[in-house]
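Colleague: Structure here, sequence nowhere to be found:
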């Protein structure tokens, strides 16, 4: 079990990441790529990405990347620098600037759990600029292949989760937000507990607060950095909202038919009302339409890739995808 201890100052400084973190998604997707997952929502993604990776010329570089981010057990903290909250390039720049002492420490821990490390790991441990640049370039190529075609879906699922947490914070403050992270996490008396965490640990935030990172590719158990001196981060899984399909959907006949169905004032009003998240009942009240009509309009918008819908008990919360926001605010 992991126990994260909050002071009053930590509660004030706790926040949710502003968007899907591309570096965390790269690393965590590598965990889910090998083997056979029981999650049918990822089966098509795994099949397409595995096929694409087999066509890659630099197989050795991809093997190194997979070794650094194994599907189970420890993976180095330096792969997911805090700066990635500002985007992929910021994260890669921070990774290239990782101090040699931290590289050596993290890779020694990895070697203790996996003695079959490829030769390229030694150059990274020495902090050789060419080796670190090669690593970040490999991560970039993998990102283009494994995440690029699906990024709109990933962003949509994360945005839907952020809208849900924002409403929880409005209703109950940060403690209300932390309470909504069940069932994988449990908040009680200033301590956030993750019962299924693979190691028994206690993390004292000591006034630094906690960055919560919603992640599409995070598996069932949330992930924290091992080094307690690093800025505290907790990555937690979001609902996949129907799984992954390539962003090219919408360019074909099905997508064109769905987009054509958007014409009309009422659906435009539904799209606008969903900008900050809105339930079906709230849409009906705001637009003076029946709940059945609101549900029908959101279904069309969702099929067109402009909305995502998340069920929470007896309500369904609708939020815009990045494409929906672009349509609303061209």
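Modeller: Everything's here; your move. This is a predicted model, so every value here is computed, not measured.
Colleague: how about the helices in this structure?
Modeller: 8-13, 22-32, 43-54, 59-68, 88-96, 100-113, 120-125, 129-146, 151-179, 253-260, 265-273, 280-287, 291-303, 322-328 (DSSP state H).
Colleague: Which residue comes closest to residue 31 once chain neighbours are left out?
Modeller: In space, and not counting its chain neighbours, residue 31 is closest to residue 71: 4.9 Å by CB to CB, 6 or more residues apart in numbering. Where C-beta positions appear, they are placed from N, C-alpha and C, glycine not excepted.
Colleague: typed the wrong thing, it's residue 83
Modeller: Ranked by CB to CB, 6+ apart and with sequence neighbours excluded, the top spatial neighbour of residue 83 is residue 94, at 3.9 Å.
Colleague: Contacts only, for that neighbour.
Modeller: Contacts for residue 94 (CB atoms under 8 Å, 6 or more residues apart in numbering) come out as 81-84.
Colleague: of these, closest to residue 109?
Modeller: Lowest distance from residue 109 to the contacts of residue 94 (CB to CB) belongs to residue 81, with 16.8 Å.
Colleague: Against residue 94, how distant is that closest one?
Modeller: Residue 81 is 4 Å from residue 94, where distance means CB to CB, to the nearest Å.
Colleague: gap between the closest residue to residue 61 other than its chain neighbours and residue 278?
Modeller: What sits nearest to residue 61 in space, not counting adjacent residues and going by CB to CB, 6+ apart, is residue 138, at 4.3 Å. Here residue 138 is placed at a distance of 41 Å from residue 278 (CB to CB).
Colleague: Likewise for residue 197?
Modeller: Residue 197 is 35 Å from residue 278, by CB to CB.
Colleague: Also residue 176?
Modeller: From residue 176 to residue 278 the distance is 19 Å (CB to CB).
Colleague: more crowded one of these two?
Modeller: residue 278 (25 against 15; other CB atoms under 10 Å).
Colleague: my guess is the more buried one meets residue 284, correct?
Modeller: No - with contact defined as CB atoms under 8 Å, residue 278 does not reach residue 284; the gap is 9.9 Å.
Colleague: where in the chain is pLDDT low?
Modeller: By pLDDT under 70, the low-scoring segments of the chain are 35-39, 57, 115, 241-263, 329-330.
Colleague: coming back round to it: go ahead and confirm the residue nearest to residue 61 touches residue 65.
Modeller: Yes - the pair residue 138 / residue 65 is scored as a contact, 5.2 Å apart, by CB under 8 Å.
Colleague: For the residue of the chain most remote from its centre, list the residues it contacts.
Modeller: Most distant residue from the mean C-alpha position of the chain: residue 288, 35.6 Å away (CA atoms, centre = their mean). Counting by CB under 8 Å, 6+ apart, residue 288 makes contact with nothing.
Colleague: Return the distance of it relative to residue 269.
Modeller: Using CB to CB, residue 288 is found at 10 Å from residue 269.
Colleague: mind checking how far the nearest residue to residue 42 once chain neighbours are set aside is from residue 322?
Modeller: Leaving aside its chain neighbours, residue 42 sits nearest to residue 32 (6.2 Å; criterion: CB to CB, 6+ apart). Going from residue 32 to residue 322 by CB to CB gives 22 Å.
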